[in-house]
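Visitor: sequence below, structure please.
(one chain, ligands or ions: 1)
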Amino acid sequence: MPVSDSAIERVREFWNRRPCNVRHSKKPAGTKEYFDEVEHRKYFVEPHIPGFADFQRWKGKRVLEIGCGIGTDTVNFARHGAWITAVDLSEKSLEIASKRAAVYGLEDRIRFFHADAEELSRFVTVEPYDLVYSFGVIHHTPGPERVVRQIRSYLPPGGTVKIMVYHRFSWKALWILLVYGRGQFWKAGEIIARYSEAQEGSPVTYTYTPLEIGRLLKEHGFRVVETRVEHIFPYRIPDYTQHRYVKVWYFRWMPQRFFRYLEKRLGWHLCVTAVREEGES
Ligand SMILES: C[S@@+](CC[C@H](N)C(=O)[O-])C[C@H]1O[C@@H](n2cnc3c(N)ncnc32)[C@H](O)[C@@H]1O
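Guide: Numbers count the residues shown, from 1 in each chain. Below you'll find the model as predicted:
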């Protein structure tokens with residue numbers, strides 16, 4: 001797909017307009033109470049994140065986070081003792097994330113960089129990391145394969161990459177297509193992108209099958225060790241935006257075990273862990 005510089009510019013503007021999860025709290029922005037609530041809400045609705053990131057495993061290790069947003073996972077890696085380098089394209093997100101690191105007294109463990117991950121080595125010195133982590137990011141950049149190529153150069157053989165990308169054959173994708181797209185499946189890519197985020201009109205949102213993301217990683221010298229499908233959002237959106245957690249009627253009546261069964265097959269988050277194979281950088 002041909003990509004112009006203005007595509008990355010549109011991505012930057014989109015996330016500057018409304019950084020990811022910035023409305024997760026109504027407390028005064030930038031306070032400890034605000035950040036505590038943002039984190040609580042994020043991990044309440046996306047409870048698979050701590051298990052996937054496995055924060056405690058990276059104690060004393062070097063972590064490179066691509067697309068840190070406002071830093072929810074970033075501060076958790078740091079809190080658990082990792083040394084973390086965090087980058088994002090959105091200055092506004094980085095401003096909030098830096099403030100957050102200061103609020104929790106974690107500045108000495110985190111280095112922030114304003115960078116386009118597609119050209120990461122122009123901004124961040126290439127050196128070995130133990131983990132490269134990127135949650136919900138590479139499907140929002142025009143050239144995800146360029147980011148994966150960059151990731152490879154920051155990992156020695158045996159190093160781990162953990163990425164989350166959106167799952168094409170998911171409940172959410174189907175729901176968007178039926179509710180917003182009125183069944184126009186032939187325009188799936190465009191419609192899913194437009195409605196994929198809390199803020200309408202994401203300029204870039206790709207979706208993947210487990211096979212596709214596995215292939216992308218393999219092509220760049222990674223061996224996939226685990227792929228988990230997670231996350232169906234069960235709440236009524238009008239209530240959720242008012243910070244009330246009321247499930248949609250069919251999820252209210254659905255047995256929890258069946259809901260988990262569905263999540264494992266039709267979840268929106270494809271959480272992939274891979275290791276770098278031996279070979280040239
Ligand atoms: C959905 S948010 C996820 C943020 C964070 N990982 C989280 O889970 O809260 C996507 C983030 O990716 C960033 N992003 C998109 N394309 C990028 C690129 N090429 N380089 C760096 N960051 C990028 C956006 O600025 C945004 O902050």
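
Visitor: using CSV, write down the CA coordinates of stretch 9-18.
Guide: Extracted C-alpha coordinates of stretch 9-18, given in CSV (Å, rounded to 0.1, in the frame of the first residue of the first chain):
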residue,chain,number,x,y,z
GLU,A,9,0.9,13.2,10.1
ARG,A,10,-2.8,12.4,10.2
VAL,A,11,-2.1,9.6,12.7
ARG,A,12,-0.1,12.0,14.9
GLU,A,13,-2.9,14.7,14.7
PHE,A,14,-5.5,12.1,15.6
TRP,A,15,-3.8,10.9,18.8
ASN,A,16,-2.8,14.5,19.7
ARG,A,17,-6.5,15.5,19.5
ARG,A,18,-7.5,12.8,22.0
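
Visitor: backbone torsions only: list them for the nearest residue to Gly181 once chain neighbours are set aside.
Guide: Excluding the flanking residues, the one nearest Gly181 by Cβ to Cβ, 6 or more residues apart in numbering is Ile191, at 3.9 Å. To be clear about C-beta, it is placed using only N, CA and C from the backbone, and glycine gets the same treatment. Dihedral pair for Ile191: phi -70, psi -40, per degrees, to the nearest 10.

Visitor: let me see the contact set for Ile191.
Guide: Listed by Cβ atoms under 8 Å, 6 or more residues apart in numbering, the contact set of Ile191 reads Ile176, Leu177, Tyr180, Gly181, Gln184.

Visitor: would you mind listing what in the stretch 101-250 of the chain touches the ligand?
Guide: Asp116, Ala117, Glu118, Phe135, Gly136, Val137, His140, Thr141 (Cβ under 6 Å from any ligand atom).

Visitor: which residues touch the last one?
Guide: Applying Cβ under 8 Å, 6+ apart, we find Thr141 in contact with Ile8, Val11, Leu89, Asp116, Ala117, Glu118, Val147, Val204.

Visitor: gap between it and Ala274?
Guide: According to Cβ to Cβ, to the nearest Å, Thr141 stands 18 Å off from Ala274.

Visitor: got it, and the second one?
Guide: Using Cβ to Cβ, we find Ala117 at a distance of 17 Å from Ala274.

Visitor: check the third one too.
Guide: According to Cβ to Cβ, Glu118 and Ala274 sit 19 Å apart.

Visitor: okay, those two: which has more neighbours?
Guide: Taking other Cβ atoms under 10 Å, Glu118 and Ala274 do not tie; Ala274 has more neighbours (27 against 20).

Visitor: what secondary structure does that one sit in?
Guide: strand (DSSP: H, G, I helix; E, B strand; the rest coil).

Visitor: coming back round to it: what pLDDT does the model give the residue nearest to Gly181?
Guide: Ile191 carries a pLDDT value of 93.

Visitor: hmm, stretch 53-62 in reach of the ligand?
Guide: No - using Cβ under 6 Å from any ligand atom, we find that stretch 53-62 stays clear of the ligand, coming within 9.8 Å at best.
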